[in-house]
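Enquirer: Here's my sequence, what's the structure:
(chains A and B)
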2 protein chains.
Amino acid sequence: MRIPSKRNAMSDATAPTWFNENHDYSGSAIGFRVTRRLHAEQTPFQNIEIWESTDWGNVMVIDGCMMVTTRDNFLYHEMMSHPVLFSHPRAKRVVIIGGGDCGTLREVLRHDEVEKCTQIEIDERVTRLAEEYFPELCEANNDPRAELRFEDGLKFMAEVEPESIDVIIVDSTDPIGPAEGLFNEAFYRNALKALRAGGILVQQSESPLVHTDLLRDMRSKMKGCGFASLRTLCFPQPCYPSGWWSCTMARKGVELDGFRERGAQTKTFKTRYYNAEIHRAALAMPEFLREALGE
Amino acid sequence: MRIPSKRNAMSDATAPTWFNENHDYSGSAIGFRVTRRLHAEQTPFQNIEIWESTDWGNVMVIDGCMMVTTRDNFLYHEMMSHPVLFSHPRAKRVVIIGGGDCGTLREVLRHDEVEKCTQIEIDERVTRLAEEYFPELCEANNDPRAELRFEDGLKFMAEVEPESIDVIIVDSTDPIGPAEGLFNEAFYRNALKALRAGGILVQQSESPLVHTDLLRDMRSKMKGCGFASLRTLCFPQPCYPSGWWSCTMARKGVELDGFRERGAQTKTFKTRYYNAEIHRAALAMPEFLREALGE
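Expert: Residues are numbered from 1 along each chain as shown, chains lettered A, B, ... in the order given. I've put the predicted structure just below:
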């Protein structure tokens, strides 16, 4: 759970100083050396700041929590999109819940089989600031297959036509705060109903090391709501607590066994982290996690 | 390169506060919430502090750099020992250069095939403090197969009997400071000479993301000194810069292709991170790293 940080005292001055997120839940901190604050605002939903850093490009901070840096976001965005899309035989219709920085959307649209990708971000300001400060993440926003909607993802999922979606990507903030409802049974039941047979939900599932209990709880709710099988993937993400993160895939009706390895090996687009080997690697379960999740 | 931190102002008071390592080289910081400083001393080699943390057990800090925490050291120690030992057909004679906290030694001695493991730590105080503040890491120090020597690893390697060692583990601090000589050609040439045919050197090789240049340079030196093949393995390590770390194996005379998977699957000792799947996973190369290393 990401909780607003008690950060170092900080002005808008240009002399480099350190901006640290002291993460209460885990008792660990992550920080970057920054030169100035480029933007700050309070939206109806949250506090958003953009900082310029010396080595990590721009940094987006929401309610005191590091969300995205220019330098390391590729890890998270690639792992939230390519494993699930190469696990599905042919995902034509994709929905992203959250994902306002548009980095996941960009990766999804690298897949030719995707005919439409709808992004449901509650806070339009996240996207407008991403367009300004992370323009490379927004490169696909004008793709004719992209639909950007600024509304409540919970409401969207409750009302969407049943069996109309192949892949749902929950690219949200942490389960405490505005995104809390995206980690409970009501949402999972609606997501399951919205998926076509064989459809897959993938959700960011926090740090394997410091959020193990949360991960177990989330998986137990997914199973309890009727998903047929689950897989948790681990990957590095320096700007998040512990530097180690995960996402969890939950499939409707069908086992999650393997992925389109040949497709991943012969993909026609460039990635910086993801490849077929890394996909297999992300599925490897550390001993402590295997035990904690009862696998 | 780990460089002493400009840390938060800090007293010995018991109210929790944050101890951050602001890592100049990468412009990123790592920290822990701590309750008190348990020990501080200047040895002939370095400054050592031990802090008590709220969530990570004890933390050893050398020259301002996080070295070990009770909670997350298993990642590093298991990955510095088990992959190399399961890559070697039967390592009887192991030498650890550095490794004063004894965590790597403990893991090495879990392997029955190891007949002797000599640890060459330059600073005896690291080991004495580990015995006091990380006793679980020192559980194997009295194993009859363990030999603890407190001397210069460079000198040891220059003088050791040729072709007498199966596995050399370089578990050192960063390549700036006292450990600098462990990352240069003279050391690699001596290590190569000291290894038996098919022997393997494994060395901690910093962060794949923020030390990519260093990693490339180190590999190029290893190759240049005559090692037959190299493999870099990546793994999470929250207490080190970026939270993502690596080790590099270099083999004498023989290709490093595969490992004793069956041995890893049927190992008779318990681990918390390592298993055969994780071993394979650690060998997967991210796209950017494959490109950077010219693989």
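Enquirer: CA only for contacts and neighbour counts going forward, please
Expert: Will do.
Enquirer: if you skip the residues just before and after it, what's nearest to A:Phe134?
Expert: A:Thr70 (6.9 Å; Cα to Cα, 6 or more residues apart in numbering or on different chains).
Enquirer: Domain-wise, how is chain A divided?
Expert: Taking automatic domain parsing as the reference, chain A has its domains at A:17-69, A:73-293.
Enquirer: Just the C-alphas of stretch A:79-92, formatted as PDB.
Expert: Output in PDB follows, covering the C-alpha atoms of stretch A:79-92 (Å, rounded to 0.1, in the frame of the first residue of the first chain):
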ATOM      1  CA  MET A  79       5.300  -6.200 -18.100                       C
ATOM      2  CA  MET A  80       1.700  -5.000 -17.700                       C
ATOM      3  CA  SER A  81       1.000  -5.500 -21.400                       C
ATOM      4  CA  HIS A  82       3.100  -8.000 -23.300                       C
ATOM      5  CA  PRO A  83       2.800 -11.000 -21.100                       C
ATOM      6  CA  VAL A  84      -1.000 -10.900 -20.900                       C
ATOM      7  CA  LEU A  85      -1.300 -10.200 -24.700                       C
ATOM      8  CA  PHE A  86       1.000 -13.100 -25.500                       C
ATOM      9  CA  SER A  87      -0.900 -15.300 -23.100                       C
ATOM     10  CA  HIS A  88      -4.200 -14.600 -24.900                       C
ATOM     11  CA  PRO A  89      -4.500 -16.300 -28.300                       C
ATOM     12  CA  ARG A  90      -5.800 -13.200 -30.000                       C
ATOM     13  CA  ALA A  91      -6.900 -10.200 -28.000                       C
ATOM     14  CA  LYS A  92      -9.000  -8.000 -30.200                       C
END
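Enquirer: ok now that stretch, how far from the chain's centre?
Expert: Centre-to-centre, stretch A:79-92 and its host chain are 14 Å apart (Cα atoms, centre = their mean, to the nearest Å).
Enquirer: I'd like the average pLDDT over the longest helix anywhere in chain A.
Expert: The longest helix of chain A (DSSP state H) is helix A:73-87. Averaging pLDDT along helix A:73-87 yields 98.
Enquirer: Do you have the strands of chain A handy? List them.
Expert: Secondary structure of chain A (DSSP state E): strands at A:17-23, A:28-42, A:47-53, A:58-62, A:65-69, A:93-98, A:116-120, A:146-149, A:165-171, A:195-204, A:229-236, A:244-251.
Enquirer: ok, is the last one in contact with chain B or not?
Expert: Which is strand A:244-251. Yes: for strand A:244-251, a contact with chain B is found by Cα under 8 Å from any Cα of the partner chain, at A:Trp244.
Enquirer: Give me the sheet partners of that strand and which way each runs.
Expert: Strand A:244-251 has its sheet partners listed here by DSSP bridges as strand A:195-204 (antiparallel), strand A:229-236 (antiparallel).
Enquirer: and the angle from the last one to helix A:73-87?
Expert: With axes from the mean of the first three to the mean of the last three Cα atoms, to 10 degrees as the criterion, the two stretches strand A:229-236 and helix A:73-87 enclose an angle of 150 degrees.
Enquirer: what's in contact with strand A:229-236?
Expert: Residues external to strand A:229-236 that are found in contact with it (Cα atoms under 8 Å, 6 or more residues apart in numbering or on different chains): A:75-76, A:79, A:208, A:219, A:223, A:243-256, A:282-285, B:236, B:243-244.
Enquirer: Now do that strand, average pLDDT.
Expert: Here strand A:229-236 scores 98 as its mean pLDDT.
Enquirer: Output the domains of chain A as TSV; include the columns distance to B:Glu159.
Expert: Output for the domains of chain A, formatted as TSV (distance: least, Cα to Cα, whole Å):
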stretch	distance to B:Glu159
domain A:17-69	42
domain A:73-293	39
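Enquirer: Output the set of residues of the stretch 151-295 of chain A in proximity to chain B.
Expert: Listed as neighbours of chain B in the stretch 151-295 of chain A under the rule Cα under 8 Å from any Cα: A:236-239, A:242-244, A:271-275, A:277-278, A:280-282, A:284-288.
Enquirer: circling back: outside of the longest helix of chain A, which residues touch it?
Expert: For helix A:73-87, the surrounding residues in contact (Cα under 8 Å, 6+ apart) are A:91, A:103-104, A:107-108, A:111, A:167, A:169, A:171, A:200, A:202-204, A:235-237, A:247, A:249, A:256, A:258-261, A:263-264, A:271-274, A:279.
Enquirer: If we use 6 Å, what do you get?
Expert: Helix A:73-87 is touched from outside by A:Gly103, A:Thr104, A:Val108, A:Phe259, A:Arg260, A:Tyr273, with contacts defined as Cα atoms under 6 Å, 6 or more residues apart in numbering or on different chains.
Enquirer: Show me where chain A dips below the pLDDT cut-off.
Expert: Along chain A, segments meeting pLDDT under 70 span A:1-14.
Enquirer: And the residue nearest the centre of it?
Expert: Nearest to the mean C-alpha position of chain A, by Cα atoms, centre = their mean, lies A:Asp171 at 3.2 Å.
Enquirer: contacting residues for it?
Expert: Neighbour list for A:Asp171: A:Ile97, A:Gly98, A:Gly99 [criterion: Cα under 6 Å, 6+ apart].
Enquirer: Quick check: the gap between the second one and A:Gly224.
Expert: Spelled out, it's A:Gly98. 24 Å (Cα to Cα, to the nearest Å).
Enquirer: More neighbours: which of the two?
Expert: Comparing A:Gly98 with A:Gly224 by other Cα atoms under 10 Å in any protein chain shown, the one with more neighbours is A:Gly98, at 25 against 13.
Enquirer: ok, how many other residues are close to the residue nearest to the more buried one when sequence neighbours are not counted?
Expert: Leaving aside its sequence neighbours, A:Gly98 sits nearest to A:Glu121 (Cα to Cα, 6+ apart; 4.4 Å). A:Glu121 has 24 neighbouring residues, counting by other Cα under 10 Å.
Enquirer: and of the domains of chain A, who's closest to B:Thr127?
Expert: domain A:17-69 (25.5 Å; Cα to Cα).
Enquirer: So for the closest one, first residue to last residue, what's the gap.
Expert: End-to-end for domain A:17-69, by Cα to Cα: 17 Å.
Enquirer: Nearest to B:Glu52, out of the strands of chain A?
Expert: Ranking those by distance to B:Glu52, with Cα to Cα as the measure, places strand A:28-42 first at 12.9 Å.
Enquirer: hmm, that closest one touching chain B?
Expert: Yes: using Cα under 6 Å from any Cα of the partner chain, strand A:28-42 reaches chain B at A:Ser28, A:Ala29, A:Ile30, A:Gly31, A:Phe32, A:Arg33.
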